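> got a sequence here, can you model it:
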Amino acid sequence: MITSVPIKQDKLDRYLDGVEHLPPTPALMIRLIELFRQPDRDVDEVVGLMRQDPAVTAEVLRRCNSSAFGNDEPVMDTYEAVFRLGFYEVYRIAVALFGQQSMAMAKVARGIEVEWLWRHSAMTAIAGGAMARELGESEGIAFTAGLLHDVGKIVLASAEGARYADLLREHGYRGRGAIEAEQAAFGFSHDGIGARLLQRWGVPEEVWMPVLGHHQTAWEGPCARMAAVVNLANLMGHGLEETGPDEACELPEADNAMGVLGLGPDDMPALVHRARSDAEHLSTLLLSAAA
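A predicted model of the protein is given here:
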């Protein structure tokens, strides 16, 4: 079962209330999530929302006019850009920009290597989206939860600075050792504080519960499959970063998530290949340093 945030809600809220620099509430992203969950979403509403955020509009137009799309005539209109790219691509751009802006906040770089965190978050999002597509789960929810699964590290890096950098340097950026060290130092770990921040923003449960459960090994309830997707995507993200394009991606800690999702060892090479293909397609958007 995914451990419930409200058990430590007061403690987490007190900590968050004392953090000087927190990522701003992502109003556009939350509204786009709501639209993504609607099968009959209105393109005019999508375009109207985008036009409220000049940074998203500029990035969508830049992306649409990139050489990857091979357009003979430059696209100058937001509506045409959304039509050409598709809603999911526009959605990923908006979520990615929010992630980049969060990591570029003041003081975050004092506590964590931002380039590493961004690349890992992006690879986890890509792997989660690719996996969800194959499993019949929501690509948008998996991509969002994957990109934001380590948002708690941004909070801790901003609040704790060099203390958090020393903790990561001693215990590593991944695995149970880092989680246990965070718990000992702060009374909670990055998965809990990150999920609580998302919950306070009003992000749907389908996103914050998998963020909360991405280091757990047993899940129950309506968000169990998505939590397992994000757990496996997190492991795959690490594996993809550590192996070359033609090397096997070993995931020795993935058995529990694979069991929940009905996957076996023979399924993993195809999933890894799809994630690598998506990463190549999205490299200009996602796999560069946070700006």
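> which residues does the residue lying closest to residue 157 once chain neighbours are set aside contact?
Take residue 157 and drop its neighbours on the chain: the residue closest to it by CB to CB, 6 or more residues apart in numbering is residue 111, 2.9 Å away. (C-beta placed from N, C-alpha, C; glycine too.) Residues counted as contacts of residue 111 (CB atoms under 8 Å, 6 or more residues apart in numbering) are 156-165, 168.
> with residue 275 instead?
123, 126-127, 130-131, 236, 240.
> distance of the residue nearest to residue 157 from residue 98?
Applying CB to CB, to the nearest Å, the value for residue 111 to residue 98 is 20 Å.
> quick check: mean pLDDT of stretch 156-172?
Across stretch 156-172, the average pLDDT comes to 94.
> please apply the same query to stretch 119-133.
Stretch 119-133 comes out at a mean pLDDT of 93.
> export it as CSV, just CAs?
This file holds the C-alpha atoms of stretch 119-133, laid out as CSV (Å, rounded to 0.1, in the frame of the first residue of the first chain):
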residue,chain,number,x,y,z
ARG,A,119,18.4,14.7,-17.2
HIS,A,120,17.2,12.0,-14.8
SER,A,121,13.8,13.6,-14.4
ALA,A,122,13.5,13.9,-18.2
MET,A,123,14.5,10.3,-18.8
THR,A,124,12.1,9.0,-16.1
ALA,A,125,9.3,11.1,-17.8
ILE,A,126,10.1,9.7,-21.2
ALA,A,127,10.3,6.1,-19.9
GLY,A,128,7.1,6.5,-18.0
GLY,A,129,5.2,7.9,-21.0
ALA,A,130,6.5,5.2,-23.3
MET,A,131,5.6,2.4,-20.8
ALA,A,132,2.2,3.8,-20.1
ARG,A,133,1.4,3.9,-23.8
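> let me see the domain layout of this structure.
1-23+108-285, 25-104 (automatic domain parsing).
> just name the most buried of these.
Ranked by mean neighbour count, these are led by domain 1-23+108-285 with a mean of 19 (mean count of other CB atoms under 10 Å).
> so who does the residue positioned nearest the centre of the chain touch?
For the chain, the residue nearest the mean C-alpha position is residue 147 (1.0 Å; CA atoms, centre = their mean). By CB under 8 Å, 6+ apart, residue 147 lies in contact with 95-96, 99, 121-122, 124-125.
> now the residues you listed as TSV including distance to residue 250?
Output for the contacts of residue 147, formatted as TSV (distance: CB to CB, whole Å):
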residue	distance to residue 250
95	29
96	28
99	27
121	21
122	21
124	17
125	21
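> and the residues you listed, which of them are in helices?
Under the assignment DSSP state H, these contribute 95-96, 99, 121-122, 124-125 to helices.
> before we move on, back to that, weakest of the domains of the chain in terms of mean pLDDT?
domain 25-104 (a mean of 82).
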